[in-house]
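Colleague: what follows is a predicted protein model with its sequence.
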Amino acid sequence: MITSFSRTVPVLFGPGASMRTGLKVKELGAQKVLCVYDQGVKSAGIADKIIDNLKAAGLQVVIFDGVKADPPDTIINEAAVMANEEQVDGVVGVGGGSTMDTAKAINLLLTNPPPINLYYVGSGREHKPGKVAVMIPTTAGTGSEVTPISVVSDTATNSKKGVIGPATTATLAIVDPELLLGLPPQITASTGMDAFAHAAEALTSGGMNPMSDVLGEKAISLITQNLNKAVKDGSDLAARTNLSFAALIAGFSFSDSLTHWGHAIAHTIGAKYHIPHGVGCALALPAVMEYVADAVPGKVRQVGLAMGLSLDENLSPAELGGAVAEAIRQLNREVGIPSLKDFKIEESSLEQLIDGVMTDDCFMFGPKRASAAQILGMLKKVYEY
């Protein structure tokens, strides 16, 4: 089998790495940058540290602090107008996945005609590279700092859309585990399980390749060993460092092989009910592992072994899928992932999600076919948790 894979984003990694932001941005040739973040990052004092560092390097800084969860197209389009009026020549995104998605989408509109809606996957419209784009994650989850994807909430259709290409790929990722110290347990858990889902879905994707296998397996191992530690002790720098690296390599892992049904389910639930993306991924993954076990039993076994499970060689695919699924559910419980019932979602509404799942960009990358009835079956298992 011939496969292809690429790793295109350079990374500066390690505790304290963010204090080199100004130096690195200046080395990349930018002189006036848009710093993108949300109110949580501002309140934590992280944004000011990065802004001060940029200014100390002699850079002009324009601020956009209006990032919203599941970034809507309207916010991105408005921020891009401001960025173009200010004539910035770079974007620095500081925050979680929503911030980095926003920053990368704004970067696209610095060199391409608006609105962002023109560039969704499937539109057939290509775009030119953007300006300098530096991504600094403050969670260990999305891997967006190294992926070529920006996920945008389309307000006209109430669905999540992907934008992929050169302008939505960072010029540099700066990953500083110190920025995660003190991150609340709920966010630590949900973002960590997002990274776990990236790795597990990359391993079992229809686009799987040897590189995604190696990186995904290591990411699962690191998350299994460190997530509960970080949830229990937000000041554990070693655990934060391992999780930051896991999220990073999980991002690399799925950049080529791509995620599939777990993310299609999470995107659809998130768009309709606005629950955290990582929670949706965590809840969906066990049911997905059970369903794909007969198609890719070796890969589901690999997920389980990376978790440290002892799996008998004589297990049937159904038994294998069930064992791995239950281990993931147990990890979810240990780190405090809530259920759909906790969000007051009614089981009777699950059928309304089927079309959204089956039309999501990720759906096509599953390792086998899935009918509407089978998707409903998975959704019911997600609901049962």
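Modeller: Noted; the coordinates are in hand. Computed from a prediction, not measured in an experiment: that's the story for all the values here.

Colleague: shaky segments in this protein?
Modeller: 1-7 (pLDDT under 70).

Colleague: now the longest helix along it: buried residues?
Modeller: Longest helix in the chain, counting residues (DSSP state H): helix 210-232. Within helix 210-232, the residues that qualify as buried are 211-213, 215-224, 226-228, 230-231, counting by 16 or more other CB atoms under 10 Å. For glycine as for every other residue, the C-beta is placed from the backbone atoms N, C-alpha and C.

Colleague: just checking, what packs against it?
Modeller: Applying 3 or more CB pairs under 8 Å, 6 or more residues apart in numbering; DSSP states H and E, we find helix 210-232 packed against helix 185-204, helix 237-257, helix 297-306, helix 317-335.

Colleague: deepest-packed of those helices, please.
Modeller: helix 185-204 (a mean of 28; mean count of other CB atoms under 10 Å).

Colleague: next one: it to chain centre, how far?
Modeller: 8 Å (CA atoms, centre = their mean, to the nearest Å).

Colleague: CA atoms of it as PDB?
Modeller: Provided in PDB are the C-alpha atoms of helix 185-204 (Å, rounded to 0.1, in the frame of the first residue of the first chain):
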ATOM      1  CA  PRO A 185      -9.900  20.200  35.700                       C
ATOM      2  CA  GLN A 186     -13.000  20.200  33.400                       C
ATOM      3  CA  ILE A 187     -11.100  21.900  30.600                       C
ATOM      4  CA  THR A 188      -8.000  19.700  31.200                       C
ATOM      5  CA  ALA A 189     -10.200  16.600  30.900                       C
ATOM      6  CA  SER A 190     -12.200  17.600  27.800                       C
ATOM      7  CA  THR A 191      -9.200  18.900  25.800                       C
ATOM      8  CA  GLY A 192      -7.100  15.800  26.800                       C
ATOM      9  CA  MET A 193      -9.800  13.500  25.500                       C
ATOM     10  CA  ASP A 194     -10.100  15.500  22.300                       C
ATOM     11  CA  ALA A 195      -6.400  14.800  21.800                       C
ATOM     12  CA  PHE A 196      -7.000  11.100  22.600                       C
ATOM     13  CA  ALA A 197      -9.800  11.000  20.000                       C
ATOM     14  CA  HIS A 198      -7.500  12.500  17.400                       C
ATOM     15  CA  ALA A 199      -5.000   9.800  18.000                       C
ATOM     16  CA  ALA A 200      -7.500   6.900  18.200                       C
ATOM     17  CA  GLU A 201      -9.400   8.100  15.100                       C
ATOM     18  CA  ALA A 202      -6.200   8.600  13.200                       C
ATOM     19  CA  LEU A 203      -5.200   5.000  13.900                       C
ATOM     20  CA  THR A 204      -8.500   3.700  12.700                       C
END
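
Colleague: tilt between that helix and helix 237-257?
Modeller: If you take axes from the mean of the first three to the mean of the last three CA atoms, to 10 degrees, helix 185-204 sits at 40 degrees to helix 237-257.

Colleague: show me what helix 185-204 is packed against.
Modeller: Using 3+ CB pairs under 8 Å, 6+ apart: helix 185-204 touches helix 210-232, helix 237-257, helix 261-273, helix 277-292, helix 297-306, helix 317-335.

Colleague: dump those helices into a markdown table; add distance to V36 as well.
Modeller: Listed next are these as a markdown table, based on distance: least, CB to CB, whole Å:
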| stretch | distance to V36 |
| --- | --- |
| helix 210-232 | 25 |
| helix 237-257 | 18 |
| helix 261-273 | 21 |
| helix 277-292 | 18 |
| helix 297-306 | 34 |
| helix 317-335 | 28 |
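
Colleague: which one of these lies closest to G377?
Modeller: Comparison of those against G377 by CB to CB identifies helix 277-292 as nearest, at 7.8 Å.

Colleague: flag every buried residue along that closest one.
Modeller: 277-292.

Colleague: quick check: angle from it to helix 185-204?
Modeller: 30 degrees.

Colleague: send me helix 277-292 as PDB with only the CA atoms.
Modeller: Once non-C-alpha atoms are left out, helix 277-292 reads as follows in PDB (Å, rounded to 0.1, in the frame of the first residue of the first chain):
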ATOM      1  CA  HIS A 277     -16.000  19.700  21.600                       C
ATOM      2  CA  GLY A 278     -13.700  17.500  23.700                       C
ATOM      3  CA  VAL A 279     -16.700  16.200  25.700                       C
ATOM      4  CA  GLY A 280     -18.400  15.200  22.500                       C
ATOM      5  CA  CYS A 281     -15.300  13.500  21.200                       C
ATOM      6  CA  ALA A 282     -14.800  11.600  24.500                       C
ATOM      7  CA  LEU A 283     -18.500  10.400  24.600                       C
ATOM      8  CA  ALA A 284     -18.500   9.400  20.900                       C
ATOM      9  CA  LEU A 285     -15.200   7.500  20.800                       C
ATOM     10  CA  PRO A 286     -16.200   4.300  22.700                       C
ATOM     11  CA  ALA A 287     -19.100   3.600  20.500                       C
ATOM     12  CA  VAL A 288     -17.000   4.300  17.400                       C
ATOM     13  CA  MET A 289     -14.300   1.900  18.500                       C
ATOM     14  CA  GLU A 290     -16.900  -0.800  19.000                       C
ATOM     15  CA  TYR A 291     -18.400  -0.300  15.600                       C
ATOM     16  CA  VAL A 292     -15.100  -0.300  13.600                       C
END
